[in-house]
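K.L.:
following is a predicted model, sequence given first.
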Amino acid sequence: MSTPDHSQATALRTHLCGQLRPADIGSTVSVTGWVGRRREHGEHLAFVDLRDYSGIVQCVINDDIDVRSEYVLRITGVVRKRPEGTINDALPTGQVEIGDCEVEILRKAVPPPFPIDARADDVDENIRLQYRYLDLRRERMQRNLRVRSTVNAAIRQSMDQQGFVEVETPMLVPSTPEGAREFLVPSRKEQGSFYALPQSPQLFKQLLMVGGVDRYYQIARCLRDEDLRADRQYEFMQLDMEMSFVEQDDVLDAVSRSVLGAVEAVTGEQIDEIERITWHEAMNRFGVDKPDLRFGMELVELTDVFANTEFKAFAGATGEGGAIKGIRVPGGAGEYGRNQLDKLTDRAKSLGAKGLVWLKIVDGAGAAGLDSPVAKFFSDAEADEVRARTGGDAGDLVLIVADEWMTTCEVLGQLRNDLGRPPVHEGPYRFVWVVDFPLFVGVDRESGRPKPGHHPFTMPHPDDIGLLESEPLRVRSKAYDLVLNGWELGSGSIRIHEPELQRQVFQALGISDEEAERKFGFFLNPFEYGAPPHGGFAYGLDRLVAILAGEENIREIIAYPKTQSGADPLTNSPLPVDAKVLEELGIRVLPRVD
RNA sequence: GGUCCCGUGGUGAAGUCUGGAGUUCACGCCGGCCUGUCAAGCCGGAGGUCGCGGGUUCAAAUCCCGUCGGGACCGCCA
């Protein structure tokens, strides 16, 4: 991470606590901070660890002074080498200490509810959030906030260098029927009317392209009233961008630069290029559209192996639309007992598979070399081929699913993640662009029409436009996701900028001209005045920062996050408001219905 | 809307399955001793609505029902 090159000395301090080194020996310094631990040895000797964000320095106090945990102090004294045998290698400042200390108590403090150090990692998160201002004093949180700040700065620098213009878009926007549930804001002047908080600046950024801005970006706050998760908050930040007169490669290039610039700024690691795979390949090999490339256990194609199988559970999946695939769990034969294998089977079923076949590979060739309830249904040739394709050795476990192609991929992809995925702080940063997403995903149960995969303004793949009417589900799109270590960082697309193609896509979606005008007119009519070809992207800063900080949960890299139920234990929000306030807004709250 | 896990002095845990006195451990806190410690050490002390409500029982932290709070996940997040 970058460190500021100017001194952070102030009227009250000459140095930061964590900065002092043997080179400072002999200097008279003033440091400020909080009392960490103190070690008293009677009236005439006490050690106080003074802490600021930069670290800890030991101060030697020879007076009888009452200084307690988390008191705010200013200490002035002389930096000196620690006596022989008392050097603390665990501290960056451990070679030195501050002696001849004059102590000024800037503010007394009551004892904190939990220790302000790594032990608070184990404290109930609700309590950490209730006292977030204390939690934030800890090294971990200070580091996380600074990773975040570094990422923001690096992104701004990269976007600026690439000629992007930072434009702010409104927080009070019209409510739109599509997409995520919105937070509503009542209008005081027009009672009964509402603004919404933006789930993203989508409309405004595309209109900036119509407005000739050419390259827009914003570190944008987005708000969605959907259920919270480890990687989802009501409010989150996105690097949002849009470019004019571009093809897909131009967008991927620009985004790659910014995200890789952020990685380098935080870790010093240089990544030259982000690899790409198609959505179809991602599903085939990893069973998810956000593959974690840090580990193997890829899905192995087995459909043709069982083309003429006697095994009924597999025979049904060898035809059109079906697929049989397996994954190898190295060393899994010994690791997974009958009980756990039953649990894996239940898991597969709950994910939508009809069942799960497991094979433990033992010594010997042919079906006899497999330990499995279904081995007796396998021919020797089939058994040998499964071993060859999966690369399975004695002691390995092979899991096989036979189902519709999509189900087979998804179930095994989930099992692959369940069984093999490393924790977030492990391994390299494996970015991947997933391109050629299908334009439509699945079919709406009510209307029978295909549903848009990204949004209805996404450019279909030029080679597939002819299939829009005949086989819409096979149409690929110019939509793409950026994935890092199995986390979806963000997505984007080339947009449709001319009306005829937009009409065709609406038609495939079953949206009439009237409905299109009613729902999207406010958005598309401006295009009539000359929309340039354009495309864009947005990626989640919280997720990127969490991964770079090695945190599993984005709450750890947000100063004031909400709990899973959407509450803030620090402020107790959300809270009821005075009847007067509601009256002014023309709002009446209905009694709770349970 | 659903599934699963958790809730015990300020903090973290054990105790809950198999009911028997608010029992235990570590940290913190308060007081005392202590001149080279560094998650200092030694001695002493205080601190509790076992989340809340109801039920079963002679007896409930423990069993049952409900509820609140926290977490993980499914749905949801075009």
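P.N.:
Alright, I've got the coordinates.

K.L.:
pLDDT weak spots in the stretch 1-150 of chain A?
P.N.:
Filtered on pLDDT under 70, the stretch 1-150 of chain A yields the residue ranges A:1-6.

K.L.:
closest residue of it to RNA strand B?
P.N.:
As assessed by Cβ to the nearest atom of the strand, RNA strand B sits closest to A:G42 within the stretch 1-150 of chain A, at 2.6 Å. Every C-beta, even on glycine, is put in place using the N, C-alpha and C of the backbone.

K.L.:
can you give me the strands in the stretch 351-500 of chain A?
P.N.:
Secondary structure of the stretch 351-500 of chain A (DSSP state E, counting those that start in this stretch): strands located at A:357-361, A:370-371, A:397-404, A:431-435, A:440-443, A:450-452, A:479-484, A:487-494.

K.L.:
export those strands as JSON lines, with columns for mean neighbour count.
P.N.:
Output for these, formatted as JSON lines (neighbours: other Cβ atoms under 10 Å):
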{"stretch": "strand A:357-361", "mean neighbour count": "24"}
{"stretch": "strand A:370-371", "mean neighbour count": "18"}
{"stretch": "strand A:397-404", "mean neighbour count": "25"}
{"stretch": "strand A:431-435", "mean neighbour count": "21"}
{"stretch": "strand A:440-443", "mean neighbour count": "16"}
{"stretch": "strand A:450-452", "mean neighbour count": "18"}
{"stretch": "strand A:479-484", "mean neighbour count": "24"}
{"stretch": "strand A:487-494", "mean neighbour count": "22"}
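
K.L.:
would you mark the buried spots in the strand or helix carrying A:D240?
P.N.:
Assigned by DSSP states H and E, A:D240 belongs to strand A:235-244. Across strand A:235-244, burial judged by 16 or more other Cβ atoms under 10 Å covers A:236-244.

K.L.:
with stretch A:47-65 instead?
P.N.:
A:48-61.

K.L.:
now do stretch A:132-145
P.N.:
In stretch A:132-145, counting by 16+ other Cβ under 10 Å, buried: A:132, A:134-141, A:143-145.

K.L.:
and stretch A:156-165, by the same measure?
P.N.:
For stretch A:156-165, the buried set under the neighbour-count rule, 16+ other Cβ under 10 Å, comprises A:156, A:158-159, A:162, A:164.

K.L.:
please apply the same query to stretch A:30-39.
P.N.:
A:30-36, A:38.

K.L.:
so which strand or helix has the closest residue to A:G261 other than its chain neighbours?
P.N.:
Once flanking residues are discounted, A:G261 sits nearest to A:S158: 4.0 Å by Cβ to Cβ, 6 or more residues apart in numbering. In this structure, A:S158 is located in helix A:139-161 according to DSSP H and E.

K.L.:
burial count for the residue nearest to A:T28 when sequence neighbours are not counted?
P.N.:
Nearest residue to A:T28, sequence neighbours excluded (Cβ to Cβ, 6+ apart): A:V78, at 5.4 Å. Residues near A:V78, counting by other Cβ atoms under 10 Å, number 15.

K.L.:
is A:V78 in a bridge, and if so with what?
P.N.:
A:T28, A:G99 (DSSP bridges).

K.L.:
distance of it from A:G26?
P.N.:
7 Å (Cβ to Cβ, to the nearest Å).

K.L.:
go on, A:E310?
P.N.:
87 Å.

K.L.:
before we move on, what about A:L590?
P.N.:
From A:L590 to A:G26 the distance is 73 Å (Cβ to Cβ).

K.L.:
more neighbours, the two?
P.N.:
Per other Cβ under 10 Å, whichever of A:L590 and A:G26 has more neighbours is A:G26, with 9 against 5.

K.L.:
hmm, A:G77 and that one touching each other?
P.N.:
No: with contact defined as Cβ atoms under 8 Å, A:G26 does not count as touching A:G77 (11.7 Å).

K.L.:
can you pull out the strands in the stretch 151-300 of chain A?
P.N.:
A:165-166, A:184-186, A:194-196, A:215-223, A:235-244, A:275-278, A:300-301.

K.L.:
out of those, the one nearest RNA strand B is which?
P.N.:
strand A:215-223 (8.8 Å).

K.L.:
would you mind listing what in the stretch 151-300 of chain A touches RNA strand B?
P.N.:
Residues of the stretch 151-300 of chain A lying close to RNA strand B (Cβ under 7 Å from any atom of the strand) are A:178-181, A:199-200, A:202, A:224, A:226-232.

K.L.:
that older thread, what residues are up against the residue nearest to A:T28?
P.N.:
A:26-29, A:98-100 (Cβ atoms under 8 Å, 6 or more residues apart in numbering).

K.L.:
can you rerun that using 10 Å?
P.N.:
Applying Cβ atoms under 10 Å, 6 or more residues apart in numbering to A:V78 gives the contacts A:24-29, A:97-101.

K.L.:
ranking those by neighbours, who comes first?
P.N.:
Busiest of the contacts of A:V78 [other Cβ under 10 Å] is A:I98, holding 28 neighbours.

K.L.:
how close does that one get to A:Q8?
P.N.:
A:I98 is 17 Å from A:Q8, by Cβ to Cβ.

K.L.:
identify each buried residue in stretch A:571-590, please.
P.N.:
In stretch A:571-590, counting by 16+ other Cβ under 10 Å, buried: A:L585.

K.L.:
quick check: pLDDT value at the closest residue to A:R285 other than its chain neighbours.
P.N.:
Excluding its sequence neighbours, the residue lying closest to A:R285 (Cβ to Cβ, 6+ apart) is A:E298, at 5.0 Å. On the pLDDT scale, A:E298 is placed at 96.

K.L.:
pretty sure A:E298 contacts A:F286?
P.N.:
Yes: using Cβ atoms under 10 Å, A:E298 makes contact with A:F286 at a distance of 6.6 Å.

K.L.:
ok, the two, which is more surrounded?
P.N.:
A:F286 (26 against 19).

K.L.:
quick check, nearest of the buried residues of stretch A:156-165 to A:E273?
P.N.:
A:S158 (15.4 Å; Cβ to Cβ).
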